[in-house]
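Engineer: Sharing a model prediction with you, sequence too.
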Amino acid sequence: MFERLSRIRLLYVVLAVLLLVGLLPLGLAGVLLSRRSAEELRAIEGRYQAQLVQDKARQIELYGQRYRDVVSGVARAFEITGGIHLLADPGYDARLQRSLQDDPNLIALAICPVKGEVHRAFQPDLIKREEVDQRVSDVLARMSTRGVIISRPQIIRSGQEMGLTIAAPVMNGDQIVAAVVAVVSFQEVFKVVKQSSTKSARELLDAGLPVVFVVDQNGRAVAHPDAAVAFSERPMTDLKVVQDWLETGAQVQSALAPFTLERDGRVSPMLGSYATAALDRNSLLGVIAIQDEGAAMTSVRDMRNQVLFISLLAAAFVLLIGFYFAEKLTRPVRELAAGAHRIAAGDFSQRVKVLGRTELGELGASFNQMTDQIERFVSDLQRSADENHELFLGTVKALAAAIDGKDPYTRGHSERVSRFAVVTAQGLGLRAEEIEQIRVSALLHDVGKIGIDDRVLKKPSALTDEEFEVMKTHPQKGYKIMSQIPAMRDFLPGMYMHHEMINGGGYPQGLSGDQIPMQARIVSVADTFDAMTTERPYQHAMDLEAALTRLKSFVSTRYDARVVAAFIAACEAGRIRPGVTRVRRNGTNPLPLSSSEPLPDSLLAVS
């Protein structure tokens, strides 16, 4: 599973490369273009706002200057005509009232002599007499010089309108003899800030359009697209751009002031700018413009969305086309990889099918040709290996037969022990490689007897203690002979240790239990069984039942219980039959050995 996870299919690599090459430049260009567009648009919006508030401020100044000139002109007219004696004319008040009709922005006009009665004219549907008198009183209280006085815009409560109060003195030499006071509508300024739009301030912000409004030197709104904001005299100092204007005042003509504003529960970046409209040196108004930057950047957001949409379409197209061509490109590679796996597993029955005139087609043909060559080479090697193995087994069998042939009573002994050991190993479920090692080890288990003197080896009677000790040296002799051959290393345990006992009473090393290799345990049981079931000069051959009973009696002392159990199971299954050889030597009869007597050590040494 981990190998499968760690392996990356070439198809995915090709698709990834196609996506990377196809989409990365497009996406990067889109991001850079949108970012550049956002910066340019932000700069354009900033310049537009700065120009907008400057234009609005100049319009307000021109509006104020217009009526400043009107009031000043009336005052100068009185001065030129020699004073205010014309006020005594009975028709003067009527003419003064008609002058208001000629200019709808004039809400009230009053001539206030220092000594004498005040003459006033006003539009009664917009302002009451009391409010006119109050405004006149306020502005006259501030008049002390020759200059024109302009008050901050104030609400006309009776007419729900905003108005400016402008006053100019009438001089007689250095003395003020009267004052001309006018109440001018601020409605034209409201029209200026609404910018011919019927939308509310909220709707303008949502649409990404600038909202322009006017504040006085206290930060209170005096003109706003939403008239209710101005009429409520709401302070706008919660906006940072208004705070910035209040701090700079008339020192800065116009400036940009980006800030943030919480709208609908979220903080939105805003574009802000301000400019100063000077009605006079003591009456300054701030023209403020604010704009939701996010809404203003809608076009950039739309551009990014379009880039994303185009990128997704391009990705889908690249995936479809790329998958088709990548599949055609990677299928031959997969075929070659599968063919290589089959060859590695030893399967040469199939050939890869890679067609085409490209290099991959040539590679497929070369791969099939290589497979043919490898199959021939492997076949030749296998045949040579089989021949070498057969030659090896034949040599081993010939050697074993030569050793067994020294004594007519042991002729065929090694071959039978080998067969018994193989069947037992199969019953134990050992691997084929181990079984083959046991086969050869059993064939050669008595190879050391080649170094035993024939007088001892072929003695027709029981061995003496001295002869027995000589006979016990055959495992070491066999080990010494075969250990010199590197190819025999895997077969040495059965040759060297097949006379060891589970209880440690065996030889040549006195090993016990699990110290004895399984190969030696199996050969030991097979060797003893054949010795018990064949005729020897010193014993009669036992029948199968007696031999198996005797083997059982040696379990856990001489033999491994599992090996004996597997051996007996093979006998009961008919896979093992004792080989009986009845040969007489020099007319002597074999020594009798009842099944109830213990197996002598001399038998173990000779077997």
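Structural biologist: Perfect, I can see it now.
Engineer: Residue 498 reaches residue 530, doesn't it?
Structural biologist: No: counting by CB atoms under 8 Å, residue 498 stays clear of residue 530, with 11.9 Å between them. Every residue, glycine included, has its C-beta placed from N, CA and C.
Engineer: Just after the helix or strand hosting residue 336, pick out the following helix or strand.
Structural biologist: Element membership of residue 336 [criterion: DSSP states H and E] is helix 298-344. Sequence-wise, the next helix or strand downstream of helix 298-344 (DSSP H and E) is helix 359-404.
Engineer: same for that following helix, what does it pack against?
Structural biologist: Using 3 or more CB pairs under 8 Å, 6 or more residues apart in numbering; DSSP states H and E as the contact criterion, the elements in contact with helix 359-404 are helix 298-344, helix 413-427, helix 432-443.
Engineer: Look at the closest residue to residue 56 other than its chain neighbours and tell me its secondary structure.
Structural biologist: Closest residue to residue 56 apart from its sequence neighbours, by CB to CB, 6 or more residues apart in numbering: residue 287 at 4.7 Å. Put simply, residue 287 is strand when judged by DSSP: H, G, I helix; E, B strand; the rest coil.
Engineer: Could you identify the helix or strand that succeeds the longest helix along the chain?
Structural biologist: Longest helix in the chain by number of residues (criterion: DSSP state H): helix 10-80. Sequence-wise, the next helix or strand downstream of helix 10-80 (DSSP H and E) is helix 92-102.
Engineer: That next one: which residues count as buried?
Structural biologist: Across helix 92-102, burial judged by 16 or more other CB atoms under 10 Å covers 96, 100.
Engineer: need the next SSE after that helix, C-terminal direction.
Structural biologist: Per DSSP H and E, the first helix or strand lying C-terminal to helix 92-102 is strand 106-113.
Engineer: Using PDB, write out the CA atom coordinates for that next one.
Structural biologist: This file holds the C-alpha atoms of strand 106-113, laid out as PDB (Å, rounded to 0.1, in the frame of the first residue of the first chain):
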ATOM      1  CA  LEU A 106     -33.000  85.600  -1.000                       C
ATOM      2  CA  ILE A 107     -35.100  84.600   1.900                       C
ATOM      3  CA  ALA A 108     -35.000  87.900   3.800                       C
ATOM      4  CA  LEU A 109     -33.400  91.300   3.300                       C
ATOM      5  CA  ALA A 110     -33.200  94.000   6.100                       C
ATOM      6  CA  ILE A 111     -31.900  97.500   6.200                       C
ATOM      7  CA  CYS A 112     -30.900  98.400   9.700                       C
ATOM      8  CA  PRO A 113     -30.000 102.000  10.500                       C
END
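Engineer: report the angle between the axes of it and helix 10-80?
Structural biologist: 30 degrees (axes from the mean of the first three to the mean of the last three CA atoms, to 10 degrees).
Engineer: from here on, count from 41
Structural biologist: Taking 41 as the first residue, the last one we looked at is strand 146-153.
Engineer: Give me the sheet partners of strand 146-153 and which way each runs.
Structural biologist: In the sheet, strand 146-153 lines up against strand 159-162 (antiparallel), strand 215-225 (antiparallel) (DSSP bridges).
Engineer: Many thanks, have a good one.
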